[in-house]
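Chemist: this is a predicted model, with the sequence first.
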Amino acid sequence: MLKSGLLPNNSPPTKGKGKGRGKGKGKKGLKKLADTQEKDNVLLQQIRNSQLVYTPYAATLIGANLTLTENGLPPTQNAATTPLYLPSSFPAEIHSQPDMKSICEKECRLREAQADDALFDLRRQRCVMQGLWQFKKLNMSGTSNRPNTRMLTLHKQMQQKVMRIADRYRRARAALVVLDPEGDWCTCLKELKNEDIRGPGKEAHEGTTNSRYEPSWIWLVPRAMASNNQSDMTEFNDSMRVEWAKTRARAMRWKEEYVLVQEEMRHVLAWHNYKANEWESQVDQRTSGDRSILQGVSAYAHKQAHIAHRMAA
């Protein structure tokens with residue numbers, strides 16, 4: 001007799017619900033990879049056809065940069081890593097040809113819009129990050145580590161997104177430098193450094209005071225694609241209006257302090273002159289007494305009047 005709940009070693013396994021689980025996962029994964037590869041090949045073929053039709057000299061560069069493998073076959077390429085061979089990537093002797101002028105102008109318009117959009121996205125993302133940091137400061141200070149850690153993780157993810165947008169802007173501007181070094185875009189699309197990616201207001205880690213704070217140039221330039229006749233006020237969001245109001249209030253306060261300082265200095269000069277006149281009026285007030293004492297009193301009054309005049313000077 002076997003005890004209840006025990007089976008012999010040679011007993012057949014019972015049929016469970018988990019039998020055959022995961023058997024079709026491999027087929028689904030292979031099918032997904034095959035579909036992705038097929039879509040990648042179609043996109044790569046479309047890129048090649050567009051390059052050969054719309055971009056002169058692209059076939060020459062494709063053939064020159066095509067290295068063969070050990071079997072004598074071209075290497076495997078995908079749409080994500082294949083170069084687009086836009087005119088800005090051509091050597092100077094190629095994109096300066098007369099038949100490349102119209103294509104270079106088209107890419108210049110494309111790159112200007114790309115850089116302008118990247119700069120707009122960068123400003124928008126910085127506003128979101130600063131609002132997020134203010135929310136953490138007001139609502140999560142003194143709480144447990146879990147919400148603070150989640151907020152820091154979210155902040156790092158947004159910072160990575162900001163750096164990707166900055167790289168997109170730098171690539172577009174580098175292409176503009178090659179295509180049109182002295183174009184009108186230079187007034188709006190300046191060189192973007194890492195220290196320029198800040199704002200819209202003064203951040204907590206910045207050591208400057210409010211009176212010494214200078215906003216980054218990314219908040220001071222208009223849209224590159226906007227009309228030159230009228231400013232596009234819709235670009236400025238609520239946070240920038242708040243910063244403008246703060247700056248205006250500080251400027252008005254500085255003007256008031258300047259007037260007050262001038263009035264206070266006039267008060268100081270008038271006070272010293274008044275004290276000097278008071279001491280000079282005390283020179284001959286005492287008439288009776290020893291002559292040496294009278295001379296000492298007069299000398300002391302003259303000394304105090306001299307000190308007051310020197311202070312005023």
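Modeler: In hand now; what should we look at? Numbering: from 1, shown residues only.

Chemist: next, count neighbours for Cys108.
Modeler: Applying the criterion other C-beta atoms under 10 Å, we find 19 residues in the vicinity of Cys108. The way it works is simple: take the backbone N, C-alpha and C, and place the C-beta from them, glycine included.

Chemist: now for the strand or helix carrying it, which elements pack on it?
Modeler: Taking DSSP states H and E as the definition, one finds Cys108 inside helix 101-139. In this structure, helix 101-139 packs against helix 145-179, helix 238-281, with contacts taken as 3 or more C-beta pairs under 8 Å, 6 or more residues apart in numbering; DSSP states H and E.

Chemist: next, the buried residues of it.
Modeler: Counting neighbours by 16 or more other C-beta atoms under 10 Å, one finds that the buried residues in helix 101-139 are 103-104, 107-108, 110-112, 114-123, 125-127, 129-130, 136.

Chemist: ok, the nearest residue to Ala174 once chain neighbours are set aside - contacts?
Modeler: With C-beta to C-beta, 6 or more residues apart in numbering as the criterion, Ala174 has its nearest non-adjacent residue at 7.8 Å, and that residue is Ser88. Residues touching Ser88, when contacts are defined by C-beta atoms under 8 Å, 6 or more residues apart in numbering, comprise His95, Cys104, Glu107, Arg111, Ala174, Ala175, Val178, Leu179.

Chemist: rerun at 10 Å
Modeler: Each residue near Ser88 by C-beta atoms under 10 Å, 6 or more residues apart in numbering is listed here: 95, 104, 107-108, 110-111, 171-172, 174-180.

Chemist: ditto for Met163
Modeler: Leu122, Asn194, Ile197.

Chemist: what about the residue lying closest to the second one once chain neighbours are set aside, neighbour count?
Modeler: If I follow you right, that is Asn194. Once its chain neighbours are removed from consideration, Asn194 has its nearest residue in Ala166; the separation is 7.9 Å (C-beta to C-beta, 6+ apart). One way to gauge burial is a neighbour count; for Ala166, by other C-beta under 10 Å, it gives 21.

Chemist: if I look at the residue positioned nearest the centre of the chain, how far off is Trp133?
Modeler: Among the residues of the chain, the smallest C-alpha distance to the mean C-alpha position (C-alpha atoms, centre = their mean) belongs to Ile197, namely 2.1 Å. Counting by C-beta to C-beta, to the nearest Å, the gap from Ile197 to Trp133 is 14 Å.
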